[in-house]
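J.: What follows is a predicted structure for the sequence shown.
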Amino acid sequence: MSIGKLRFHFTPSIAIPGRMPLVVVWLVLLLAPALISAQTQVFMDDFNRNQNPLGATGGTPTMTWTKTGTGLASTAQVSGSNYQLTIDNGSTIGRTFLTGSLSTFATQFNTTLSENKDDVIWTFNIRTARTSASAGFNNNQYAFAAVLAATSADLLNANGYAVTLMKGTAYNAVRLVKFSGGLDADVNLTTIVGPSFESNNYQHYFSVKVVYTPLTNTWKLYARNDLANASVDPESGELTQIGAATVDATYTNQVLSHCGFFINHGSNTTPASNKVNFDNFKVVVDNRLFTPAADITWSTPNWGQGTLTPGSNYDVRIPSNRKVTNTGTAASKMLH
């Protein structure tokens with residue numbers, strides 16, 4: 001366990017009737033326990049490159065994208081230098097998908113989701129050019145998915161988590177799902193959160209955010225209908241939470257290896273009218289730092305002070321004038 005240092009800043013102040021001197025304000029702030037959250041981007045691909053077909057690499061860090069299936073993957077110009085990923089349906093009934101390795105992500109991301117220090121957050125845009133609702137993932141139907149994390153690059157047999165775009169009641173809606181044995185049949189999918197509100201237009205864009213909290217294995221889904229506005233930054237403005245936070249740990253304790261983009265399609269002589277678009281695919285992780293304001297005691301299983309308790313996966317800074325005391329049955333406490 002490393003011992004940190006606590007710095008005191010004293011600022012000369014003038015007593016003003018009715019106001020607390022500045023030096024007292026500093027001391028009050030220093031005496032409060034602090035929980036600081038900072039996000040680290042571990043991957044981003046905005047597809048802002050003119051490629052037809054899509055090139056093998058892109059994003060930050062540079063991802064190698066691999067296409068499987070008869071459909072065409074390319075980028076389509078939105079405006080100026082702004083492009084988005086397009087996957088057209090193939091000439092035969094089937095599935096087409098892109099996959100990339102999660103090992104490409106920055107080192108702050110752990111491919112075992114439950115081992116991440118704090119929230120993992122995915123954001124992206126999704127829409128389809130189809131003029132009718134997308135029925136599902138069974139053979140000769142249409143449906144679309146952004147795969148957040150899967151157990152392999154073979155999305156016809158893998159397990160994992162995804163956000164789907166398919167029929168709600170009348171129009172398309174998004175859902176957070178887990179899938180077992182691939183994305184090639186509706187029976188393989190289980191909804192965790194959703195469906196969302198419907199777009200009221202088959203071709204509208206959705207901005208989507210998914211938040212996974214490792215400490216509780218809790219998932220949240222957020223969405224916004226961006227109408228016909230292509231590639232609106234999903235991190236700008238407000239997104240609406242869909243349903244309630246839901247606990248699911250089915251695959252969070254396993255090593256997950258790939259992310260990707262998926263289209264389930266029939267056969268059509270005009271594939272451009274059945275395409276799906278994705279954009280601004282971004283993954284960040286939170287890194288929380290807990291600094292106690294007083295001596296710490298712990299017992300099994302949790303520790304902290306007052307109502308502010310650091311999770312077992314937080315970074316903890318112990319100032320040099322604080323001590324940690326075991327008052328329970330725990331023989332040791334891991335400080336990450």
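T.: Alright, I've got the coordinates.
J.: so who does the spatially most central residue of the chain touch?
T.: Central residue of the chain (CA atoms, centre = their mean): residue 122, 2.0 Å from the mean position. Counting by CB atoms under 8 Å, 6 or more residues apart in numbering, residue 122 touches 146, 148, 163, 208, 209, 210, 281, 282, 283. In short, each C-beta sits where N, CA and C put it, glycine included.
J.: Out of those, the closest to residue 90 would be?
T.: Distance ranking of those against residue 90, using CB to CB, places residue 146 first at 19.1 Å.
J.: which secondary structure element contains the closest one?
T.: According to DSSP states H and E, residue 146 maps onto strand 143-150.
J.: try residue 158
T.: According to DSSP H and E, residue 158 maps onto no helix or strand at all.
J.: Now for it, how many residues are close by?
T.: By other CB atoms under 10 Å, the residues close to residue 158 number 23.
J.: Do I have it right that it meets residue 151?
T.: Yes - assessed by CB atoms under 8 Å, residue 158 is found in contact with residue 151 at 4.8 Å.
J.: For those two, list the residues in contact with both.
T.: When contacts are counted by CB under 8 Å, 6+ apart, residue 158 and residue 151 have residue 258 as shared neighbours.
J.: Okay, now the unreliable bits of the stretch 201-336 of the chain?
T.: Applying pLDDT under 70 to the stretch 201-336 of the chain flags the ranges 268-272, 288-336.
J.: which stretches of it form strands?
T.: All strands of the stretch 201-336 of the chain, identified by DSSP state E, counting those that start in this stretch, fall at 206-213, 218-225, 240-247, 258-265, 276-291, 296-298, 303-304, 315-316, 324-326.
J.: between the fifth one and strand 206-213, how many degrees?
T.: Relative orientation of strand 276-291 versus strand 206-213 (axes from the mean of the first three to the mean of the last three CA atoms, to 10 degrees): 30 degrees.
J.: Please compute how far strand 276-291 lies from its chain's middle.
T.: Strand 276-291 sits 5 Å away from the centroid of its parent chain (CA atoms, centre = their mean, to the nearest Å).
J.: how about it as CSV, C-alpha atoms only?
T.: Listed next in CSV are the C-alpha coordinates belonging to strand 276-291 (Å, rounded to 0.1, in the frame of the first residue of the first chain):
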residue,chain,number,x,y,z
VAL,A,276,-27.8,-0.2,-41.7
ASN,A,277,-25.7,2.8,-40.6
PHE,A,278,-23.5,3.0,-37.5
ASP,A,279,-21.4,6.0,-36.4
ASN,A,280,-19.4,7.5,-33.5
PHE,A,281,-18.8,4.2,-31.8
LYS,A,282,-17.0,5.1,-28.5
VAL,A,283,-16.1,3.2,-25.3
VAL,A,284,-14.9,4.9,-22.1
VAL,A,285,-14.2,3.7,-18.6
ASP,A,286,-14.5,5.7,-15.4
ASN,A,287,-11.6,5.8,-12.9
ARG,A,288,-12.7,6.8,-9.5
LEU,A,289,-10.3,8.0,-6.8
PHE,A,290,-11.5,7.9,-3.2
THR,A,291,-9.6,10.1,-0.6
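J.: How about it, which residues are buried there?
T.: By neighbour count with 16 or more other CB atoms under 10 Å, strand 276-291 contains the buried residues 276-288, 290-291.
J.: now the strands: where do they sit in the stretch 51-200 of the chain?
T.: Using DSSP E, counting those that start in this stretch, the strands found in the stretch 51-200 of the chain span residues 57-58, 63-64, 66-68, 73-79, 82-87, 94-101, 120-128, 143-150, 160-167, 172-179, 189-193.
J.: quick one: contacts of the first one?
T.: For strand 57-58, the external contacting residues (CB under 8 Å, 6+ apart) are 45, 47, 49, 63, 64, 65.
J.: thinking again about what came up before, just the mean pLDDT for the strand holding residue 146, thanks.
T.: Taken as a whole, strand 143-150 carries a mean pLDDT of 97.
J.: helices and strands around that strand, which ones?
T.: On a contact count with 3 or more CB pairs under 8 Å, 6 or more residues apart in numbering; DSSP states H and E, strand 143-150 meets strand 94-101, strand 120-128, strand 160-167, strand 258-265, strand 276-291.
J.: that older thread, from the buried residues of strand 276-291, which is closest to residue 130?
T.: Nearest member of these to residue 130, counting by CB to CB, is residue 276, at 8.5 Å.
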